[in-house]
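Visitor: what follows is a predicted protein model with its sequence.
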Amino acid sequence: MARTSLGSANVNDTQLGFGIDIGGSGMKAAIVDLTTGELVSDRFRIDTPQPATPDAMAEVLCELIAHHEWSGPLGVAFPAVVRQGVVGSAANIDKSWIDVDADALFSAASGCDVHMLNDADAAGIAEMQFGVGALADGSPRPGVVMMLTFGTGIGSGLFVDGVLVPNTELGHLELDGYDAESKASAKAREREELSWKDWASRVEHYLSHVEALFSPDLFIVGGGASKKPDKWLPYIDIATPVLPAEMANNSGIVGAALAAHDRP
């Protein structure tokens, strides 16, 4: 698709935003139609630099922005706790990120107004507005909704009557003496070469634990495993409904763009 350099302007009554989704293996970006959640550009990806230090990632971020010729505000979904733009954890990223003001670093490097947020929070924002977390009229589902992403780790986004409770990071709950994501993430399934059924048993155990703590009305499960729900969801038997995410690989990009646009 064609690029645009119109920033967050309205084009033919279409409001545009820009989102970047940072993961352990890749950094992806696209221009987003904020009224529909659809991407209106190519989803451009660059490998995450190794080591993934702040300065190295800032360079890649600038390449992603330049590729799309973007000049307006933008959001970045990041695999860590992010408070007011400052990184507060580093479970799956380089430890040098701890206490870095990522908003300031990325804004200075790119010349754009950058808003950072936790990656699972971003995915949940997208899902609550455009995916399975949205009602027919477009409003978010009421009650307690938990977005869980199963990938390198387990990310979580908690919503109460559509309002995000940020940085829950429930993949790091202790379960049976272990960090929960070390046993129930998608990476753990691949690393230990588990069958889908055996992995689903671990996921169910984890979901039951979260269910007991939060009594949610709905679990939304995303990440790579959400592309193949028929292989494992039938094995999940808990009281809370569990639905696969609908936004797939675009959720982090879309949620980041929305968060930047809605920033006070």
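Guide: Ah, there it is. Residues are numbered from 1 along each chain as shown.

Visitor: mind giving me the packing neighbours of the helix or strand encompassing residue 256?
Guide: Using DSSP states H and E, residue 256 maps to helix 251-261. Under the contact definition 3 or more CB pairs under 8 Å, 6 or more residues apart in numbering; DSSP states H and E, helix 251-261 sits against strand 14-22, strand 26-33, strand 74-78, strand 114-118, helix 119-130. (C-beta placed from N, C-alpha, C; glycine too.)

Visitor: state the distance from residue 183 to residue 221.
Guide: Distance, residue 183 to residue 221, using CB to CB, to the nearest Å: 16 Å.

Visitor: more crowded one of those two?
Guide: residue 221 (23 against 19; other CB atoms under 10 Å).

Visitor: the more buried one falls within a helix, correct?
Guide: No - Residue 221 sits outside any helix when classified using DSSP: H, G, I helix; E, B strand; the rest coil, being strand.

Visitor: ok, now which ones touch it?
Guide: 148, 149, 150, 229, 233, 242, 243, 244, 245 (CB atoms under 8 Å, 6 or more residues apart in numbering).

Visitor: relative to residue 63, how far out is the first one?
Guide: Here the distance between residue 148 and residue 63 works out to 31 Å (CB to CB).

Visitor: compare neighbour counts for these two and give me the winner.
Guide: Taking neighbours as other CB under 10 Å, residue 148 and residue 63 compare with residue 148 leading, 30 against 13.

Visitor: helix/strand/coil for that one?
Guide: Looking at residue 148 with three-state DSSP, the answer is strand.

Visitor: residue contacts, it?
Guide: 120, 154-157, 170, 207, 210, 219-223.

Visitor: and which of these is nearest to residue 264?
Guide: Taking CB to CB as the measure, residue 264 lies nearest residue 157 of those, at 19.3 Å.

Visitor: what does the model give that closest one for pLDDT?
Guide: Residue 157 is assigned 97 on the pLDDT scale.

Visitor: again, but for residue 7
Guide: Predicted confidence (pLDDT) for residue 7: 45.

Visitor: same deal with residue 3?
Guide: 32.

Visitor: likewise for residue 83?
Guide: Residue 83 is given a pLDDT of 95.

Visitor: who does it form a beta bridge with?
Guide: residue 86 (DSSP bridges).

Visitor: contacting residues around the nearest residue to residue 84 once chain neighbours are set aside?
Guide: Closest residue to residue 84 apart from its sequence neighbours, by CB to CB, 6 or more residues apart in numbering: residue 103 at 7.6 Å. Each residue near residue 103 by CB under 8 Å, 6+ apart is listed here: 84, 85, 86, 114, 115, 116.

Visitor: contacts for the lengthiest helix in the chain, please.
Guide: For the chain, the longest helix by residue count, based on DSSP state H, is helix 196-214. Helix 196-214 is contacted by residues 144, 146, 148, 150, 154, 156, 158, 170, 173, 175, 180, 183-184, 188-189, 194, 216, 219, 228, 231-233, 235-240, 242 when judged by CB under 8 Å, 6+ apart.
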